[in-house]
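Enquirer: my questions are about this predicted structure, shown below with the sequence.
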Amino acid sequence: MKIFIPTPLRQYAGKQDAVEVHASTVSDALTKLTSTHPDLKRHLYTDDGKLRAFVNLYLNDEDVRYLSEKENTRVKDGDHLSIIPSIAGGIDLLLFDGACNVRN
Amino acid sequence: MTVSRRAWHKMGVALQPQQSLLSKLMLRIVQFEYDAIRQHGEETYPHECCGVLLGRTDDHIRTVIRTVRCGNTRSDSPHNRYHIAPQELVHIQRQAREAGLEIVGFYHSHPDHPARWSQTDLVEAHWIGCSYVITSVERGQAKITNSFLLAGELEEDKRFENEAVSVAAEVATIANESTR
Ligand SMILES: [Zn+2]
């Protein structure tokens, strides 16, 4: 199967935008990816080995979090796994309120 | 809750980045696409707009060749929050790859707020090495467009650095220069 690597992580995956692995499950695919490219590990996982919360995994068009077997979902050769860090932000209204209400 | 100004600063709040003296960071974008992202902000006003910048990266310079409009999924608070559906990003990443381009950054608007990154923008930015373009839209009119590079190596040391925005008249100019 093919794993698509997002722009920020390509430098840790031999500058490739996709990496081919032979794997049985999503989790196996990630293990194979990070054993070939160990530098990816600390970017994808926290120190206690959990996938970082902002990292989305899509198996073809499905969010892995919503698959019944999640990362234990079986994969086949033609599958695509996309690694997609989240994109979000916002204006800090509380900051403006807080800064105006500062009293000593 | 009372928080002193000093405490805010300690938490890194309200501190804006200094222009890096070591490198000349730059985002180059063709006029047509520059106008398009500003117009997007005017169209969605008073809500935040958001989208993706596709192009190429060459050391300190990111060149935007195409922009893609996205929907803001934060319908609960669209005037001060934005979020792009990961599903949409999966498709865009695939299309970019097929076109020989990469995701070089993202854009969003700040309705009636300055074109500066917020603490929330920084906390929720995870594409290190990519540009985050912000346009201030005042009373429905696009004003200032700034770009910030998400620098650092890991989540733990990420930061925004100011980068210059250079608008080129034509795609040809930008494409030729980027292959030099
Ligand atoms: Zn913002």
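Expert: Cool, the structure landed. Numbering: from 1, shown residues only, chains lettered A, B, ... in the order given.

Enquirer: report the helix or strand with the lowest average pLDDT across chain B.
Expert: The weakest-scoring helix or strand in chain B, judged by mean pLDDT, DSSP states H and E, is helix B:5-10 (a mean of 44).

Enquirer: quick one: name the residues of chain A near the ion.
Expert: Within chain A, the positions near the ion by C-beta under 5 Å from the ion are A:Gly89. Every residue, glycine included, has its C-beta placed from N, CA and C.

Enquirer: tell me the residue of chain A that sits nearest the ion?
Expert: Nearest residue of chain A to the ion, counting by C-beta to the ion: A:Gly89, 4.2 Å away.

Enquirer: chain B now?
Expert: Nearest residue of chain B to the ion, counting by C-beta to the ion: B:Asp121, 4.1 Å away.

Enquirer: could you tell me how many residues sit around that residue?
Expert: By other C-beta atoms under 10 Å in any protein chain shown, 22 other residues sit near B:Asp121.

Enquirer: now chain B, which segments are flagged as low pLDDT?
Expert: For chain B, applying pLDDT under 70 flags the ranges B:1-23, B:171-180.

Enquirer: typed the wrong thing, it's chain A
Expert: For chain A (pLDDT under 70), the answer is A:93-104.

Enquirer: helices or strands up against the top helix by length along it?
Expert: Counting residues, the longest helix found in chain A (DSSP state H) is helix A:26-36. Under the contact criterion of 3 or more C-beta pairs under 8 Å, 6 or more residues apart in numbering or on different chains; DSSP states H and E, helix A:26-36 touches strand A:2-4, helix A:41-44, strand A:55-59, strand A:80-85.

Enquirer: again, only this time at 10 Å
Expert: When contacts are defined as 3 or more C-beta pairs under 10 Å, 6 or more residues apart in numbering or on different chains; DSSP states H and E, helix A:26-36 sits against strand A:2-4, strand A:18-20, helix A:41-44, strand A:55-59, strand A:80-85.

Enquirer: adjacent strands (with direction) for the longest one?
Expert: Think strand A:80-85. Sheet partners assigned to strand A:80-85 using DSSP bridges are listed as strand A:2-4 (parallel), strand A:55-59 (antiparallel).

Enquirer: returning to what we had before: using a markdown table, lay out the helices and strands packed on helix A:26-36 together with mean neighbour count.
Expert: Output for these, formatted as a markdown table (neighbours: other C-beta atoms under 10 Å in any protein chain shown):
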| stretch | mean neighbour count |
| --- | --- |
| strand A:2-4 | 18 |
| strand A:18-20 | 16 |
| helix A:41-44 | 18 |
| strand A:55-59 | 21 |
| strand A:80-85 | 22 |
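
Enquirer: could you export these as TSV, including distance to B:Ala168?
Expert: Shown next, in TSV, are those (distance: least, C-beta to C-beta, whole Å):
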stretch	distance to B:Ala168
strand A:2-4	29
strand A:18-20	30
helix A:41-44	33
strand A:55-59	33
strand A:80-85	29
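
Enquirer: quick one: contacts for the residue nearest the centre of chain A?
Expert: Nearest to the mean C-alpha position of chain A, counting by C-alpha atoms, centre = their mean, stands A:Val55 at 3.1 Å. Residues in contact with A:Val55 (C-beta atoms under 10 Å, 6 or more residues apart in numbering or on different chains) are A:Pro6, A:Leu9, A:His43, A:Leu44, A:Tyr45, A:Ile83, A:Ile84, A:Pro85, A:Ser86, B:Pro86, B:His126.

Enquirer: now B:Glu156
Expert: B:Glu156 makes contact with A:Arg42, A:Asp47, according to C-beta under 10 Å, 6+ apart.

Enquirer: assumed it was part of a strand.
Expert: No - read with DSSP: H, G, I helix; E, B strand; the rest coil, B:Glu156 is helix and lies in no strand.

Enquirer: distance of it relative to B:Glu163?
Expert: Taking C-beta to C-beta, to the nearest Å as the measure, B:Glu156 falls 22 Å from B:Glu163.

Enquirer: what is the closest residue to B:Ala96 other than its chain neighbours paired to in the beta sheet?
Expert: Among residues not flanking B:Ala96 along the chain, B:Leu54 sits closest, at 4.9 Å (C-beta to C-beta, 6 or more residues apart in numbering or on different chains). Under DSSP bridges, the beta-bridge partners of B:Leu54 are B:Arg66, B:Ile103.
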